[in-house]
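> Would you be able to build a 3D model of this:
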Amino acid sequence: MFKAVYKSLYSLCHTHSALGVYWVSKLRLSFRLPVHVLVIFLVAFTGTAAFRISIPAVAFYARSILEATAFGVGLLTSAFFAGRAVFAVVSGGLADRYGYRVIYLASLCFLLNAIAVQLYLVAGSVYGVFAVRFLQGALNGISWISIQYVLGRSVDSSIRGRVYALYFSCGSVGVITGNFMYTLLISQGLGRVLLVSSVLFVLSSALTTILIKFEKLRSITPTITVKARSRGSIRFSDILQAIPFMVIVIGMAMFNSVVRGDLIYIYVSEFLGMSRELTACLIATSSLIALGGGYIISWISDRFSDSLALQIASSIGFVGAILLGIRSPPLTVLGLALFYIANSGVVPISRRIAITYYRLGGTVIGLVNALGNVGQVIGSSIAGLIYDLFGISSIRLASIEMSRFIILMTLIPLLVIIASVILPRHSKIH
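Numbers count the residues shown, from 1 in each chain. Next comes the predicted model:
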């Protein structure tokens, strides 16, 4: 069985790699990236890998050693994003008030994360693990929002969507690396996995500190004291117009909490009957296939329309969610990859909108992050409850065997498609 799975995964990777080369050749970079942006991309890679390597380790530890329910495993993701949601808004406000100086804060939070991840070794209960994950969420909320603010303010608005897409793609490579590193270290125990995580967090802290030396970043001034411009004012009609956009952000985050959170490892392992190593490999393969997809969607956003790009992304995400529910390893890989592509398009577009169309870009980025984090909290909690209720049970539609759990969860991506259809038809969202 495993040989057949590997052959299927290889075939998918080969096909999608060829397509990826074609699209990259068509949508090659038409701009030069300054050195400080490349350093930020490197931080996105190391910082994401540092966190991601611990995700499957802690998920399986909570499930098998601490005997957590699926709801409990889902709450691990909820705890993380609850901490991140609260501190994302705080971090955005600090960015508007202190400008480039928030880089110091980001560096400190990466360093504290290196210490926090070691606390899993002394957390003797599920509640202790929840507390550590909440702390990590708070630290990540401060560090990543600061970095996203600095990145957006340091590049021109005409390429901002694509730069954010490349930034999040580097994070996706970090996800892939973290998963593969976990498969190599699983036999050496939880302690060794967490040690590698701490080392990568320390490296991320050092790289972030280097950013202070770039004059381009030191020129980023606080915006909270700047006289408000007309585009920075918020009217009630603006809020109504933004509701579909907020539904898209929250809805994508809710389903993303399943496919990027702790529960996906449990679902794939139990529904497909796979080992932990093969499960992590399958998920990493899906992320690998999805690389570059978000850039294409962000290119559409930069060149044509934010609303069109969001409609395309939500449609791709819905198809991916459906495929994820079919009991077939190759289709699971493809379904995960499609939703990863969709989400990697929505996330940079939402940051582009925040930093481009609002005076207090840091605060709005924080709010957008908070909305997404709230979606992650709600989504992972609901997913855990539904999985506890239905488990790996399935139903047959014609000759296709589909997970009851995923069928119910796909109602969320369906709502996202509806929201994308009623978005304003003009070229930009204000």
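
> where do the strands sit along this structure?
All strands of the chain, identified by DSSP state E, fall at 394-397, 400-403.

> out of those, deepest packed?
Of all those, strand 400-403 has the most neighbours on average by mean count of other CB atoms under 10 Å, namely a mean of 17. (Glycine included, C-beta is placed from N, CA and C.)

> Quick check: which helices or strands does it pack against?
strand 394-397 (3 or more CB pairs under 8 Å, 6 or more residues apart in numbering; DSSP states H and E).

> Quick check: mean pLDDT of the strand it packs on?
Here strand 394-397 scores 86 as its mean pLDDT.

> Please enumerate residues in contact with that strand?
Outside strand 394-397, the residues within contact range by CB atoms under 8 Å, 6 or more residues apart in numbering are 327, 401-404, 407.

> okay if I get these as a markdown table plus pLDDT and distance to residue 335?
Listed next are the contacts of strand 394-397 as a markdown table, based on pLDDT from 0 to 100; distance: CB to CB, whole Å:
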| residue | pLDDT | distance to residue 335 |
| --- | --- | --- |
| 327 | 91 | 11 |
| 401 | 88 | 14 |
| 402 | 90 | 11 |
| 403 | 91 | 11 |
| 404 | 92 | 16 |
| 407 | 90 | 13 |
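
> Including distance to residue 150, could those residues go into a markdown table?
Below are the contacts of strand 394-397 laid out as a markdown table (distance: CB to CB, whole Å):
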| residue | distance to residue 150 |
| --- | --- |
| 327 | 44 |
| 401 | 48 |
| 402 | 44 |
| 403 | 41 |
| 404 | 44 |
| 407 | 42 |
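
> and residue 335, how many neighbours?
Residue 335 is flanked by 22 other residues according to other CB atoms under 10 Å.

> how close does residue 210 get to residue 38?
Per CB to CB, to the nearest Å, residue 210 is found 11 Å from residue 38.

> what's the answer for residue 306, then?
Counting by CB to CB - residue 306 and residue 38 are separated by 26 Å.

> So for the two, which residue has more residues nearby?
residue 306 (26 against 12).

> Residues contacting stretch 119-127, please?
Under the criterion CB under 8 Å, 6+ apart, residues 54, 58, 61-62, 66, 68, 72, 128-129, 131-132, 135, 190-191, 194 lie in contact with stretch 119-127.

> buried set for it?
Buried residues in stretch 119-127, counted by 16 or more other CB atoms under 10 Å: 119-120, 123, 126.

> Who are the contact partners of the nearest residue to residue 40 once chain neighbours are set aside?
With CB to CB, 6 or more residues apart in numbering as the criterion, residue 40 has its nearest non-adjacent residue at 5.3 Å, and that residue is residue 151. Under the criterion of CB under 8 Å, 6+ apart, the neighbours of residue 151 are 37, 40, 163-164, 167.

> and which of those is nearest residue 368?
residue 164 (11.6 Å; CB to CB).

> give me the number of residues near the nearest residue to residue 276 once chain neighbours are set aside?
In space, and not counting its chain neighbours, residue 276 is closest to residue 60: 5.9 Å by CB to CB, 6+ apart. Using other CB under 10 Å, residue 60 is surrounded by 21 other residues.

> Show me where the stretch 301-430 of the chain has its helices.
With DSSP state H, counting those that start in this stretch, the ranges of helices along the stretch 301-430 of the chain come out as 306-324, 329-357, 361-390, 404-409, 411-421.

> Can you flag the weakest of those helices by average pLDDT?
Ranked by mean pLDDT, the helices of the stretch 301-430 of the chain bottom out at helix 361-390, with a mean of 80.

> Report the buried residues of that one.
Neighbour counts over helix 361-390 (16+ other CB under 10 Å) mark 361-384, 386-387, 390 as buried.

> Which strands or helices does that helix pack on?
The contact analysis (3+ CB pairs under 8 Å, 6+ apart) places helix 361-390 against helix 70-98, helix 126-153, helix 236-259, helix 263-272, helix 329-357, helix 404-409.

> And the last one, what does it pack against?
Same thing as helix 404-409. Partner elements for helix 404-409 (3+ CB pairs under 8 Å, 6+ apart): helix 306-324, helix 361-390, strand 394-397.

> Farthest-apart pair in the contacts of stretch 119-127, please.
Of all pairs in the contacts of stretch 119-127, the most separated under CB to CB is 72 and 191 at 22.2 Å.

> Which one's more surrounded, these two?
residue 72 (19 against 12).

> Skipping its backbone neighbours, what lies nearest that one in space?
Of all residues beyond its chain neighbours, the one nearest residue 72 is residue 126 (5.4 Å), with distances taken as CB to CB, 6+ apart.
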